[in-house]
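J.: quick one, structure for this:
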Amino acid sequence: MPQSKVYVTGMGIISPIGNTVAENRTALKDGVSGLTGIEMFATKYANLLPFGEIKIDNATLKKQLGVTDSGVTRTTLLAVYAIEQAIADSGLTTEVLQRFDTALIGATTVGGMCHTDDLYADANTSEIGSEYLSSYELGTVGIYIQKHFGINGLVNTFNTACSSSANAIAYGARLIRHGYAKRAIVGGVDSLAKFTINGFNSLNILSSKPCTPFDEGRTGLNLGEGAAFLILEGEEEAAGKHKYAEISGYANTNDAFHPSSLSDNGEGPYLAMQKAITMAGLEPKDIGFINAHGTGTENNDEVEGKAMIRLFGMPPAFASTKANTGHTLAAAGAIEAVYCILNLNHQEVYPNLRFKTPVAATGLSPVKQYQAATLNHVMSNSFGFGGNCSSLVISKV
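T.: Sure thing, here's the model as predicted:
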């Protein structure tokens, strides 16, 4: 049967600032930045640009996860790492995972492309081919997870750039609301790779120093990697279980303005935030905090600020945690949803690192230091290439 409410009953995360939910919270409270040089693979940018890298190599990840299959990429390993945490946190049994009413909705943009260079090298030196050839296609991350955990329900993969895992969360919630699933494992993952580093560098939006979201002197973003997954369950399935929060509203819009930029007036971000609030049955004044998309790029931070002013007048407290983790692409929406749930559960907000001067066009200042807060509803913004804009409203239970 359709369910009116969707709850979060489990969380798992691995990011540049921590390998568990608890470690991430401590780092956010303490204002820790995970932006460093690259150590896990060779690139000419290793010591030239900051990155949010997880300091665990692939061999160690495989050993910790008990993965012995060949051709399993770093992207997939990070996803399995976070999903295992979420499943254990929610107490889902193998039997429940194998039911046809358990869905898996993942998100990734990098997928097997993290081994593009290996594939190219093998193609020129080996007649056999690379073990990662079969893992290159985007959907193979979800397929491996499906097999690894024995999931028989609906499986889907979202690739809408930086809004991917926010859309995965919204889609999982929709499946439950409309009776197509009773529970859903939702989230996203991306790993650092030469492919994406070179791609983003070609856009001239990578900063040579740790990023400064919403600062007038911002010089671009820093790429990061990570994974986060939530267990969503309907009212009946969540009865008697610990509920972290409710996914009360969500919306996806598209301003169709430019392949990699938002429109100057922020039509997509404005509509995404407005429609998510309306779906939750709330008014703008009910939102106590916004985890902003806040990439640190010239276009995003000014436009997101304008859209917030347009909707809220005087926006509520807001900050960007990409100053901690870097931009984790398809994982960003899920990682930041976890952070929003931490905001609600602990009634606290985390600082926007390295902020000094407001953007002249908006005059807005994000949260500058860790502080206690009274929060009932928070918002998470994720805006992707092509103007694909998504907002989640997450509410206290």
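J.: excluding chain neighbours, what is closest to V110?
T.: Once flanking residues are discounted, V110 sits nearest to D190: 4.5 Å by CB to CB, 6 or more residues apart in numbering. C-beta coordinates here come from the backbone N, C-alpha and C atoms, glycine included.
J.: count of neighbours near the one you found?
T.: D190 has 32 neighbours, counted by other CB atoms under 10 Å.
J.: show me what it is bridged to.
T.: G226 (DSSP bridges).
J.: what's near enough to touch it?
T.: Neighbouring residues of D190 by CB atoms under 8 Å, 6 or more residues apart in numbering: 75, 108-110, 196, 225-227, 328-331.
J.: pLDDT and distance to P358 added to those, as CSV?
T.: Below are those laid out as CSV (pLDDT from 0 to 100; distance: CB to CB, whole Å):
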residue, pLDDT, distance to P358
T75, 97, 37
T108, 97, 35
T109, 94, 31
V110, 89, 33
T196, 92, 30
E225, 98, 30
G226, 98, 29
A227, 98, 33
T328, 98, 26
L329, 97, 27
A330, 97, 30
A331, 98, 29
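J.: outside of the helix or strand of the chain with the lowest mean pLDDT, which residues touch it?
T.: Across the helices and strands of the chain, mean pLDDT, DSSP states H and E gives its lowest value to helix 116-125, namely a mean of 71. Under the criterion CB under 8 Å, 6+ apart, residues 128-130, 132-133, 136, 193-195 lie in contact with helix 116-125.
J.: filter those down to the buried ones.
T.: If you count burial by 16 or more other CB atoms under 10 Å, the buried members of those come out as 130, 132-133, 136, 193-194.
J.: including distance to A317 and pLDDT, could those residues go into CSV?
T.: Shown next, in CSV, are those (distance: CB to CB, whole Å; pLDDT from 0 to 100):
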residue, distance to A317, pLDDT
S130, 48, 78
Y132, 44, 81
L133, 48, 77
Y136, 42, 79
A193, 35, 93
K194, 38, 92
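J.: so L49 touches L206, yeah?
T.: Yes - shown here, L49 and L206 form a contact pair, counting by CB atoms under 8 Å, at 5.7 Å.
J.: between these two, who's got more neighbours?
T.: Remark: of L49 and L206, L206 carries more neighbours, 24 against 21, as counted by other CB under 10 Å.
J.: residues contacting the more buried one?
T.: Listed by CB under 8 Å, 6+ apart, the contact partners of L206 are 49, 197, 200, 220-223.
J.: skipping adjacent residues, who's closest to S70 in space?
T.: Leaving aside its sequence neighbours, S70 sits nearest to E131 (CB to CB, 6+ apart; 4.6 Å).
J.: output the below-cut-off pLDDT ranges for the stretch 151-300 of the chain.
T.: Along the stretch 151-300 of the chain, the model assigns pLDDT under 70 to residues 260.
J.: mind listing what's buried in stretch 180-187?
T.: Across stretch 180-187, burial judged by 16+ other CB under 10 Å covers 181-187.
J.: returning to what we had before: list the ones among the contacts of helix 116-125 that fall in helices.
T.: Using DSSP state H to define helices, the subset of these located there is 194-195.
J.: may I see the contacts of helix 116-125 arranged in JSON lines, with distance to M273 as well?
T.: Shown next, in JSON lines, are the contacts of helix 116-125 (distance: CB to CB, whole Å):
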{"residue": "I128", "distance to M273": "51"}
{"residue": "G129", "distance to M273": "47"}
{"residue": "S130", "distance to M273": "43"}
{"residue": "Y132", "distance to M273": "39"}
{"residue": "L133", "distance to M273": "42"}
{"residue": "Y136", "distance to M273": "36"}
{"residue": "A193", "distance to M273": "31"}
{"residue": "K194", "distance to M273": "35"}
{"residue": "F195", "distance to M273": "32"}
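J.: and which of the contacts of helix 116-125 is nearest to S365?
T.: When the contacts of helix 116-125 are ranked by distance to S365 (CB to CB), A193 comes first, at 34.7 Å.
J.: ok, so what distance separates the closest one from N204?
T.: In this view, A193 and N204 are 19 Å apart by CB to CB, to the nearest Å.
J.: coming back round to it: ok, then the element right after the least confident helix or strand of the chain?
T.: Going down the chain from helix 116-125, the next helix or strand is helix 140-149, by DSSP states H and E.
J.: as CSV, could you dump the C-alpha coordinates of the following helix or strand past that next one?
T.: Downstream of helix 140-149, the first helix or strand assigned by DSSP H and E is strand 155-158. Provided in CSV are the C-alpha atoms of strand 155-158 (Å, rounded to 0.1, in the frame of the first residue of the first chain):
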residue,chain,number,x,y,z
VAL,A,155,17.4,-1.5,-9.1
ASN,A,156,18.2,1.8,-10.8
THR,A,157,21.2,4.2,-11.3
PHE,A,158,20.9,8.0,-11.6
